[in-house]
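Colleague: here is my input, please return the structure:
(chains A, B, C and D, ligands or ions: 6)
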Amino acid sequence: MKTLAAESASKQGTGRIVNDFSIQVGTVNGSGSQSSNNVLMRSIFQMGIPVSGKNLFPSNIAGLPTWFTIRVSKDGYIARKREIDILVAMNPQTAHDDVKSLQPGAVCISPAEMKLDLVRSDVKHYQVPFGDLAARATDQIKLRKLLTNMIYVGVVGQLLEIDQAEIETAIRKQFEGKVKVIDLNLNAVKIGRDWAKESLKKEDPYYVEKMDKTAGKIIIDGNAAAAIGCMFAGASVVTWYPITPSSSLCETLIDYLKQYRIDKKTGKASFAVIQAEDELAAVGMALGAGWAGARSMTSTSGPGISLMAEFVGYGYFTEIPTVIFDIQRVGPSTGMPTRTSQADLLPAYFLSHGDTKHITLLPGSVEECYEMAGAAFDLADRFQTPVFVLSDLDLGMNNWMADQFTYPEKPFDRGKVLTAEQIEKIGKFERYRDVDGDGICYRTLPGTNHPLAAYFTRGSGHNEKAGYTERPEDYLNLMDRLNKKFDTARSYVPKPAVDRNPTAKIGIVAFGSSHFAVEESRDQLRDEEKVATSYLRLRALPFSDELRKFVETHDRVYVVEQNRDAQLRDLIRLEMPDLAMKLMSVKHYNGLPIDARFVTDAILEQERKA
Amino acid sequence: MKTLAAESASKQGTGRIVNDFSIQVGTVNGSGSQSSNNVLMRSIFQMGIPVSGKNLFPSNIAGLPTWFTIRVSKDGYIARKREIDILVAMNPQTAHDDVKSLQPGAVCISPAEMKLDLVRSDVKHYQVPFGDLAARATDQIKLRKLLTNMIYVGVVGQLLEIDQAEIETAIRKQFEGKVKVIDLNLNAVKIGRDWAKESLKKEDPYYVEKMDKTAGKIIIDGNAAAAIGCMFAGASVVTWYPITPSSSLCETLIDYLKQYRIDKKTGKASFAVIQAEDELAAVGMALGAGWAGARSMTSTSGPGISLMAEFVGYGYFTEIPTVIFDIQRVGPSTGMPTRTSQADLLPAYFLSHGDTKHITLLPGSVEECYEMAGAAFDLADRFQTPVFVLSDLDLGMNNWMADQFTYPEKPFDRGKVLTAEQIEKIGKFERYRDVDGDGICYRTLPGTNHPLAAYFTRGSGHNEKAGYTERPEDYLNLMDRLNKKFDTARSYVPKPAVDRNPTAKIGIVAFGSSHFAVEESRDQLRDEEKVATSYLRLRALPFSDELRKFVETHDRVYVVEQNRDAQLRDLIRLEMPDLAMKLMSVKHYNGLPIDARFVTDAILEQERKA
Amino acid sequence: MVDSVTATKGTAGPTPATNRIGLTLADYKGSPSTLCDGCGHDAITSQIIKAFFELGVEPHMVAKLSGIGCSSKTPAYFLNRAHGFNSTHGRMPSIATGVGMANSQLIQIGVSGDGDSASIGMGQLVHILRRNIPMVYVVENNGVYGLTKGQFSATADLGSKLKSGVMNDLPPIDLCGLAVELGCAFVARSFAGDPKQLVSLLKAAISHKGTAFLDVISPCVTFNNHDGSTKSYKYAKEAETPLHEIGYVPFFEQIAVDYEPGSVTEVKMHDGSHVFLKKLHGDYDPTDRLNAHTTIFKANQDKQFLTGLLYIDEKKPDFTSQLNLTDQPLALLKEDSLRPPKEALDEIMQSLM
Amino acid sequence: MVDSVTATKGTAGPTPATNRIGLTLADYKGSPSTLCDGCGHDAITSQIIKAFFELGVEPHMVAKLSGIGCSSKTPAYFLNRAHGFNSTHGRMPSIATGVGMANSQLIQIGVSGDGDSASIGMGQLVHILRRNIPMVYVVENNGVYGLTKGQFSATADLGSKLKSGVMNDLPPIDLCGLAVELGCAFVARSFAGDPKQLVSLLKAAISHKGTAFLDVISPCVTFNNHDGSTKSYKYAKEAETPLHEIGYVPFFEQIAVDYEPGSVTEVKMHDGSHVFLKKLHGDYDPTDRLNAHTTIFKANQDKQFLTGLLYIDEKKPDFTSQLNLTDQPLALLKEDSLRPPKEALDEIMQSLM
Ligand SMILES: Cc1ncc(C[n+]2csc(CCOP(=O)(O)OP(=O)(O)O)c2C)c(N)n1
Ligand SMILES: Cc1ncc(C[n+]2csc(CCOP(=O)(O)OP(=O)(O)O)c2C)c(N)n1
Ligand code: SF4
Ligand code: SF4
Ligand SMILES: [Mg+2]
Ligand SMILES: [Mg+2]
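Modeller: Ligands and ions are numbered 1, 2, ... in the order given. Below is the predicted model of the structure:
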């Protein structure tokens, strides 16, 4: 897997490099290295230094290569960085390739017996007798593998000068309350650290130093953030079918719901969770619940989206609220289930046969995973339609530093629901009549105690009274109203985030997890190449006015996305055919998270031609 | 249902109108009027006069209103005509609305007891004592309903002066061999005709007169045509799940296969047909069969396409040939199952999550339903991918006059399949290696007796050797090759049919069943408004060069299609963003077949603004 | 006649004009049917209307669901005052599951067809039976796909013939056998041509807490009512072998039973209603799951068309109860119950720092 | 030991280095497994390799299929010389059906998981069993979704616990019970930890013409091998109750049986092979479908883990034979058989004029 640790930094050995490097740990999945990597990351975080963590894991359960990368960035960059500065090569299967792909001058920490110094002499090797040290840490053969992971934490800690106290705090947090485990691990770290202090001579430039940039910040993945958002948005019927990388959203949500949404006194739950038999059933259950009035949701990934196609079209046509998370992974088909992608944008937006399109939210940070979860429920209820939230594996499953989430101030928007009393007052009720002229009709919930309240929901042609019809004008009326409703949604969905640079000739448009790479790339373009850019981060479909203005006011607009077919670029072209030729494309689609250098290079290359 | 017989012709009562009018029969479905309407249509056809028949039926089995429209056109126009000239109003449920929607001067034939003359006096009424006449035709109460239908055939025959001999021939053909039935029906026709001769005074301008424009022609629906195409293309595994309006394709195919593809001596079949449990299974079976080397196919409509989404993406990604017919009906969701539409273009083309796109054929006539069925199998085998054939209800289920089909001259193209002998010679085999540089790789069939022949098909990431991979470069390599293959397909798929008018400033682009309305509209534009047009009929996706040239060489190009969202217009805009603003849209999407007047009006309206 | 069980207290005889909540039969009707004249489905619709009327169920508390097919159109033809949901082909069970979670106070009745449930819907059928979601699940079984013009379905009997003469050469799926196998706690078979039995079974099904599964043979007069069909009126009438005569006494009526000891089995339903099964041909214990299965198996072997309450287990926990939901339906909960307080968010944030 | 049945003619004892077609065991191997060390699925893989080797099946005439899951990865780990098809989640049966139609000479073996077959794949499983498509269908049943990290599947026993302590409160689907209910003509249950029984059952399954269904308990060491699991090695080993000892004599070996009369049941397979069932605990007639069902039901009631050949009916017609296809596989037919002559088109055109 030579690209993974690829393109190591060509840092020169002169001077100190402080709080600006990346560490990659290559291990075997199922070997328990996750705790150690977490401890390493958190210790640095606790020192006030911005960090982010990316886990590159295989689509199996145990025994295959895994890489965990910690980026330490004093400037707060949290996108993937291509260059690996410090490699901890624990996996004999990949160690050779991993070390080969480093740039001269990088650091390699490895088990002594691997003899990686024979593979390359132009990187700085620290060779560690992990076996001996692990034997010192425990008598139990079984535990040695696990503790070896903590030993490298000690070694790295010593080399980088991570505060030992912070490592201790992180370990206590990691193994909350389990005293024996904590002691064992602390001891292992110490063994590693002590050995390193005595035996290694620091001959590389990498150091951490305390800062104050993480105070009040949290570390969280996007799926957990979305789960929290769902809970506070009042999700009450949650249906799901396990699939990577979406499962952890519902699994985390279940944990939180059990903790915060079961009445302490009565033991009664204000939610129902169902593990469905598949995605067709999951979305069917969500639609049934949405129809009956619950705040319903489901979460899936690409293959699930495809399976939901028929039902999602049903939801669009019959106007039933529900929220569908798509945590995108690499497609088509099964694709690469543990790699990231943004290639479901177009398929989700147009999901189902016939003329359909769906409100689609595009969170670009863990904060937005939290916030847009809430927005999604409100929009689903307001527009009585399935709403997609498109996250991805990088955003959903990796560790991101973020500001604390703020408690939602706005009350729920439950949309246009008529009660028996209201019907009584109005004296009539027609399910699919556009009373307000915004394309959104009133609905009633089953169980409403009024003789006029009931209506019949059907995926076949229906008139304003929800009666069956095959009349051409009824159909036109319905389809045109659905279009009008969709237009109304333009001003309700989250607006794009725009950073306009008045001197910039070129603009960048991106969405979702590409955001942090774009931010960093803009700095690179500015600092390295004196290229000023404006930036519009799209946060939802359908588009709102800002996008057109943005494109109009720049000479060229680069649409950065993580798919092969330039899906967002194309959707924008359809929205503004008159400006189509201004739209350029930057596409990153090899399954790894996009990085700033890629964006910078791609833009510069096209700018040279422009 | 007032629109159905809507907008009757404002024909004036002066002079004879010969071979240029439309007859609409309003009945109840399940009442057996289909035979009568067929006899009526065929009698005129046999007189050498171009005809076409459209059946507007409800989505149920018996008891609801149905309309059958026969268009008689000396000029050979076979699209729907909006104006009804002669109404046969047999259905009391709709008769009032039907007659109300006629234009002054139209003809209305109806049962006397309905007293439709009281509804309107400005149309020419012929009131017939159907009950009495039916009683004369038979003693059996049960049969009277059926024979009533033949009585109106007699009445219409007399009024229009249809040759009685042709009616007799048509009846003999309709009830092939059933002597008693033939006699009964002939007698009923005669009763109607005789009564009309004696009792009615001809007071309308409509007549038929013998011509010679149908010699050697056939009347057929597109589904039957496609079925014939499939049989001669060697379809060997046919899987299906019943759905309107697609079922008749497979049902007709089964009949033909039984007749022509069972060895007369051994009784052995060169085909397998499976009625699957649903569309997911149907397409899975087709893919399994295609993978194993059969010429496999399935046929469905919108909801089925949605259900096939996951598997079709699998087929794209793993490169398995199969042919999928989508006989489009009105969506979204269940929509209007017995109404026509072209709104699956974009959903089918992009079907499935991730970056996918599919070769899609767009037959525009029954001849092409036949020919493109053949082409689809060749393309599927050549490009090792699922190929869509998009027909629709209008094309697939209505009666079209056409030239006889020609026997296929080209041998099958089975694409790049290696035998054991070939592998032996080459000495190696890699399933996903682009040996020829066209993006298309070689495959082997299971059962190939060579140690190197086997490979492993998977929807997950795979390298050139079909091995499992999560390597970024393997994925890029695969996705880019699939794109290259798709590009190769541009020059293999059926080219557009272009009729360029050198004086024309505007062009029209259309596909599928819109064709005949466009042809007629062009004549209207030319004859009535002196507007010259060029015409490009698209016959497949991906696009080939001709389209760009066509757009480039016209000021404005009207894309005529039968969906709400201008799906083809948008796909063309994506293909040529530089010309995006030239593309205008004409959309007809109320479920009825598109008609020439609609196209003409829509173009003129926009031309006025242009 | 088990009807005599209730007759002793005078509730039988001509149906009264209004029921216990003061509604008339008309209040339980739907829109006019658009099915073929004589279709078995319409006969079943009538009994559904009657059952709800006689039980005095509040119509607005009913949710009526279906998939796609002629059978699945029928919810439009009963209970116009109830919300209806005509879903997609074969997917009614998932909709019912969602509706049941959102509002467990609704009484759900779902109507499906043999194509809808035994072909495309098989997966969802199996899983709703396994979960035991409270609802009445009626399959209007005619052995063909009516709405798509008469192709065989997966319940068509081996050797039965289409009008065209095409013979079915695949074995049928016995939906009751399957339901028993999956542990469904209310399994019954009936016939559209046996309204008396059907209405009693429907009432019992409505009283049951959990999935009550009814497989009702419902002839398709247009496509499967000819000689050679085993789902025709004629065949079913001749072959029907009721296991017992069924009487139903709702919870709001007093029971005054008058029968010979040992001749009637009594089942007490969840809501306090009673079902009485008067033995016809020897003993049949509908609470014995293995026996139910054996009986179905043997009847099929003997080409017998056995009807009645095949299996019942009033103790099996239903899915909704297991979830221990708030008393108020989830669908009606407001922000105060659905959004935890700010302290909860603070606590979570703290844990992530 | 029924092995003694064949031992008398000396074919037992150490496996010979080459089989009857001169291939070695290595010729039946696949790529190295990437499953967890100790996973039950790997144990089953070994027996699949052995069964094909010992039967001397031409590997290139095998098609190996699967859905998605850890279990579904295993076709990559056996028979590298056979074409493989790792399909989508739960949809292997439809692929197998298509493959079987296209080339009925292939021997198909499909491996699936309990999630793959009993959840998302339930509809297709039911329908392949109903159609009786020739193939060996192995479910590697661990009661959890291994590949997605250990959620309960629909075969998890009521009351069994996840590591986290979460309890399963839904009843399991018994796949063998279901298969018997659906008329599957070869139904067996086995255990990854019982290689001897498994390999015999696999060989018998390969000899069977029609769908041979094997439900093999296959512990997931990572997510479902703890105390409280009813799908752990420990639990299965302790609970396993074999119905009989199984011996298999392939058609190409002579039978020389040596047993007490009445102690062994013999089944003759389609291909001329023989299966011998040595009674362990009283009589068991695997050709009695009702009894098979009753036995499974009772074993479940008694929480007994019963293994062996539960049901077999060598007379049931399989789907492919019913179609009366050309002797040459459809996939290999050329234009001359697939395209009717010009006269046929002329005739059709004539009828449309
Ligand atoms: C996904 C999908 N596939 C196919 C159809 C077409 N279709 C409509 S009804 C039906 C079969 C109905 O049969 P059944 O459930 O037995 O109902 P019946 O009409 O016999 O009462 C089918 C296949 C559809 N509506 N949706
Ligand atoms: C359509 C779809 N949904 C979900 C998944 C995710 N998924 C992969 S394997 C699996 C479950 C596998 O369980 P099982 O079949 O029991 O196999 P095991 O891993 O236990 O052997 C799931 C849900 C998927 N691949 N495709
Ligand atoms: S076609 Fe058959 S099932 Fe459908 S309405 Fe008519 S009789 Fe009933
Ligand atoms: S997770 Fe379980 S099923 Fe999957 S490979 Fe590991 S042990 Fe086997
Ligand atoms: Mg049916
Ligand atoms: Mg499993």
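
Colleague: contacts and neighbour counts: CA atoms only from here.
Modeller: Noted.

Colleague: where in the chain is pLDDT low?
Modeller: I went with chain A, as the question did not name one. A:1-14 (pLDDT under 70).

Colleague: please refer instead to chain C.
Modeller: In chain C, residues with pLDDT under 70: C:1-15, C:257.

Colleague: can you map out the helices along the stretch 1-150 of chain C?
Modeller: C:3-7, C:40-55, C:70-73, C:92-102, C:114-115, C:122-131 (DSSP state H, counting those that start in this stretch).

Colleague: with mean neighbour count as extra columns, can I get the ones you listed in TSV?
Modeller: TSV is the format used below for the helices of the stretch 1-150 of chain C (neighbours: other CA atoms under 10 Å in any protein chain shown):
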stretch	mean neighbour count
helix C:3-7	19
helix C:40-55	23
helix C:70-73	27
helix C:92-102	31
helix C:114-115	33
helix C:122-131	25
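
Colleague: so which of these comes closest to ligand 6?
Modeller: Closest approach to ligand 6 among the helices of the stretch 1-150 of chain C is made by helix C:122-131 (17.0 Å; CA to the ion).

Colleague: against which helices or strands is the closest one packed?
Modeller: Packing partners of helix C:122-131 (3 or more CA pairs under 8 Å, 6 or more residues apart in numbering or on different chains; DSSP states H and E): helix C:92-102, helix D:122-131.

Colleague: between those helices, which one is closest to ligand 4.
Modeller: Checking those against ligand 4 by CA to the nearest ligand atom gives helix D:122-131 as the closest, at 19.5 Å.

Colleague: just the CA trace of the closest one, in CSV.
Modeller: C-alpha atoms of helix D:122-131 as CSV (Å, rounded to 0.1, in the frame of the first residue of the first chain):
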residue,chain,number,x,y,z
MET,D,122,-35.3,-13.4,3.2
GLY,D,123,-37.4,-12.8,0.1
GLN,D,124,-34.9,-14.2,-2.3
LEU,D,125,-34.1,-17.2,0.0
VAL,D,126,-37.8,-18.1,0.2
HIS,D,127,-38.2,-18.0,-3.6
ILE,D,128,-35.1,-20.0,-4.5
LEU,D,129,-36.2,-22.7,-2.1
ARG,D,130,-39.6,-22.6,-3.7
ARG,D,131,-38.2,-22.9,-7.2
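
Colleague: orientation of it relative to helix D:92-102 in degrees?
Modeller: 40 degrees (axes from the mean of the first three to the mean of the last three CA atoms, to 10 degrees).

Colleague: could you check how far whichever residue of the stretch 451-600 of chain A sits closest to ligand 2 is from chain B?
Modeller: Proximity of the stretch 451-600 of chain A to ligand 2 (CA to the nearest ligand atom) peaks at A:G591, 17.1 Å away. Distance of A:G591 to chain B, given as CA to the nearest CA, to the nearest Å: 6 Å.

Colleague: could you export the helices and strands packed on helix C:122-131 as TSV, including distance to B:F377?
Modeller: Shown next, in TSV, are the helices and strands packed on helix C:122-131 (distance: least, CA to CA, whole Å):
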stretch	distance to B:F377
helix C:92-102	36
helix D:122-131	26
